[in-house]
Structures are given as C-alpha cells and as structure tokens.
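Engineer: the following comprises the amino acid sequence and a computationally predicted model.
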Amino acid sequence: MNSPFAYGSNVLSFCPQLSLLMTEPAFGNGSPAVSSILRLRGLTKTYREGESDRAVLDDLEATIDEGEFVVLMGRSGSGKSTLLNLVSGIDLPTSGTVEIGETDLTTLSETERTLFRRTHIGFIFQSFNLISTLTVAENILLPLELSGIRSGQAEEQALSILERVGLGDRGDSFPDRLSGGEQQRVAVARALAADPLLILADEPTGNLDYETGRQVLTILTDLVTDLGKTLLVATHDRMLLDRCDRVVTLHGGTIHDGAPDFLESSSA
Ligand code: ADP
Ligand code: MG
C-alpha cells in the first residue's frame, strides 16, 4: 500500500527518547471549567547587559480566554518572541507565573515543560522548523504520536488536517521539496493536528512574500476559527486586525490594549 503514512507508526523510532515523556496532562480532572486559558502574572524577563540587568518584560499581566484570537504587535525588539517563548515554556521567566489551563509552567521541571508543550501547545515559527529528515506526513504524525494518540487515529487526524491546509497529496514529500508557503502550511497543520489548548505563532509570515503570507494567514485563521481554537499570533500584518478578537501591543515591557501608534501614523 502506497500510503503517505506507511512509516507513520514508526515515527517515534526516529526519536525514541521522546516516548519517555508521554504522561497524562497535569490539569482537568473534573475541576470546574475555566474560561481563561492563559494567565500571565507579574511576568518579568531580564537579560544581563554588561554590568546591569535589562528588563525586556517588566511585571507584565495578561489573560487570554478560551477560543480567543489575539494579535500581538510591537516594534522589533519589544519582546514578542521572548513573551511567546515564555508562554510555550521554551524559556523561563526571571519572575512571575505562566498559567495555562490549571498548570503553572514555572513550577514544572524542564522535562515536564517539554512534555506539556508537545501535548498542549502548537507553535508556528517564522522559519517553519520542519524536521528535514521526515516526510510531510511524518512531521505531522510526530506530535500526534507523542501525545499518545493511537497510530490509526493519528494517521486519520494527520491526513484530515493536511487536506485542510490544501496539501493532502504531499504527505510523501520531504520539506525541502516544498515552497516556503507550503512548508508553513505544513507547520500550521502540525501545530493544529494534536488538538492543542493553545496555538502560538511568532511572525509566521516573516519569511514569506506578501501574497504567500496572506494565503498562509487565511488558512491559519480560517482553521483556528472553524475549530474554535485559542490563538496568540505575533505579526506585523494588518490583515489580521480585521479578523482577530483583540489586538494588544507590547511596549515598555508590558501589554497595552489596541494596535500600536506607529501603525496608525503610517496608515494612509
Ligand atoms: P521581538 O520578537 O519583539 O523582536 P525579542 O523578544 O526577540 O523581540 O527581543 C527583545 C529584546 O530582548 C531585544 O532587545 C533582544 O536583543 C533581547 N534578547 C532576546 N533574547 C536575548 C538573549 N537570549 N540574551 C540577551 N538578550 C536577548
Ligand atoms: Mg521576534
């Protein structure tokens, strides 16, 4: 059988150590549903600069509700990537807390944070970050299998999401055979495939030309809206301002409601 998923059930064999990280999520368990999915409290991140510390994020407070689509704006260097890396548990804050569902990521070990991220967060990077030695189908299957989904069901979910991003016939291809826009569509499919609690995107169109970027954003936002997912996306693209529920701007280390002033002053 010439299925793009012929090797799917062996994806874990590429990274056997990852299967050790599969355990149950640390939240849920019959407690009452919370409407906010993300809560940031007193979030501070400082970097050492010469003899002193510089706060990129400074006592930042923010909440995102379940199903919300939030656009994060701010000048280059304002700390958008720093913030997304803290929300995803890739990095740890200097102080403050990052609560997702009922889990405070700052109380977890590095291994637990990695597991949490793989199971509950879909991250779309500017540079796609597909695994070049895995096919498109395998790239999508990997997080599904890591989250403990049986291989038959994982293949079904992967094919379905691949079709939703218009690449149902490219499962056998390796990423370097795809255009930038197609690779980012695979990354969108990968981020959504395991039905994560929260989807984060860090300038997902930053490496794409304008038109291709818009196509990717349309696919991402249509999917997120259809599936009722929660999305926090850092972008400079004004196209999303009309589609999102809320725009926030990172400035001076904290979050402010609304689009940044420089967008208004540069609009015709
Ligand atoms: P943005 O994504 O909004 O462009 P970043 O979060 O990448 O901003 O960076 C915010 C600031 O933090 C920048 O001044 C950057 O130089 C600094 N920064 C980011 N990562 C590090 C690091 N690992 N060490 C020191 N400074 C850093
Ligand atoms: Mg950035």
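Structural biologist: Okay, I see it. Residues are numbered from 1 along each chain as shown. Ligands and ions are numbered 1, 2, ... in the order given.
Engineer: can you give me the buried ones in stretch 192-201?
Structural biologist: Under the neighbour-count criterion of 16 or more other Cβ atoms under 10 Å, stretch 192-201 has 192-194, 196-201 buried. Bear in mind the C-beta positions are built from the backbone N, C-alpha and C, glycine included.
Engineer: inside strands: which ones of the residues you listed?
Structural biologist: Assigned to strands by DSSP state E, the following of the buried residues of stretch 192-201 qualify: 198-201.
Engineer: identify the residue nearest the residue in the stretch 51-200 of the chain positioned nearest to ligand 2 in space, chain neighbours excluded?
Structural biologist: The stretch 51-200 of the chain approaches ligand 2 most closely through Ser81 (3.2 Å), counting by Cβ to the ion. Excluding the flanking residues, the one nearest Ser81 by Cβ to Cβ, 6 or more residues apart in numbering is Asp202, at 5.5 Å.
Engineer: and Val98, how many neighbours does it have?
Structural biologist: By the measure other Cβ atoms under 10 Å, the count of residues near Val98 is 24.
Engineer: tell me what the helix or strand where Ile161 lies is packed against?
Structural biologist: In this assignment (DSSP states H and E), Ile161 forms part of helix 151-164. Contact analysis of helix 151-164 by 3 or more Cβ pairs under 8 Å, 6 or more residues apart in numbering; DSSP states H and E lists helix 136-146, helix 180-193 as its packing neighbours.
Engineer: and the longest one with helix 151-164, angle?
Structural biologist: For helix 180-193 and helix 151-164, the angle between their directions (axes from the mean of the first three to the mean of the last three Cα atoms, to 10 degrees) works out to 140 degrees.
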